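Asks: Sequence plus predicted model, see below.
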Amino acid sequence: MRANYQTVQSVYNLADDDRRRQAQGPRRLTRERLLVAARELFGTRGYDATSIEAVLETSGVARGALYHHFASKTELFNAVAEELFIEIAARTGEAARGGADPLDRLRAGSHAWLEMALDPAVQRITLLDPPAVLGWERWRDLDERHTLGVCGRA
């Protein structure tokens, strides 16, 4: 016969949970500040010309906090690129949903992508730097997961 145990939440566990939740707010904010600063710098200067020091200065975040979230500059770039691929997928998908038929949806989504691609930062972060920084496979993986792959599954 199996015993039926219930998990009892003690006041000590609740206090720990509250502390963890409160700590996640500032962590999320720190991560967001790093990503915003890195996106601006990678977009204007490129990966090679952007130093960790510049990201720290622009974001106002301490070095230890950066390395708490990202093990390297490459990992930071990867996170920035992935966020931008997600943004592209959302914008093109939203534009495509307005089309009356498949061809109109393709045109609307393509137009939205081309509008975004006029931004030099988008060009640099999604097209120019990723093959050298992340490698061909990771770049294709990001594209497949967030843009082209979604089109193939639709």
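Replies: In hand now; what should we look at?
Asks: going forward, measure contacts between C-alpha atoms and count neighbours the same way
Replies: Fine.
Asks: quick check: mean pLDDT across the helix or strand that Ala37 is a member of?
Replies: Under the criterion DSSP states H and E, the helix or strand holding Ala37 is helix 11-45. The average of the pLDDT scores along helix 11-45 is 75.
Asks: Downstream of it, the next helix or strand is which one?
Replies: Using DSSP H and E, the helix or strand that directly follows helix 11-45 along the chain is helix 52-59.
Asks: What residues of that next one count as buried?
Replies: Taking 16 or more other C-alpha atoms under 10 Å as the neighbour-count basis, helix 52-59 is seen to contain the buried residues 55-56, 58-59.
Asks: which one among the residues you listed gets closest to Val133?
Replies: Out of the buried residues of helix 52-59, the one with the shortest distance to Val133 is Val55. That distance is 16.9 Å, counting by C-alpha to C-alpha.
Asks: Pretty sure the closest one sits against Leu34.
Replies: Yes: taking C-alpha atoms under 8 Å as the contact criterion, Val55 and Leu34 are neighbours in contact, 6.9 Å apart.
Asks: how much space is there between Arg91 and Val133?
Replies: Taken as C-alpha to C-alpha, to the nearest Å, the spacing of Arg91 relative to Val133 amounts to 25 Å.
Asks: Right, I'll leave it there.
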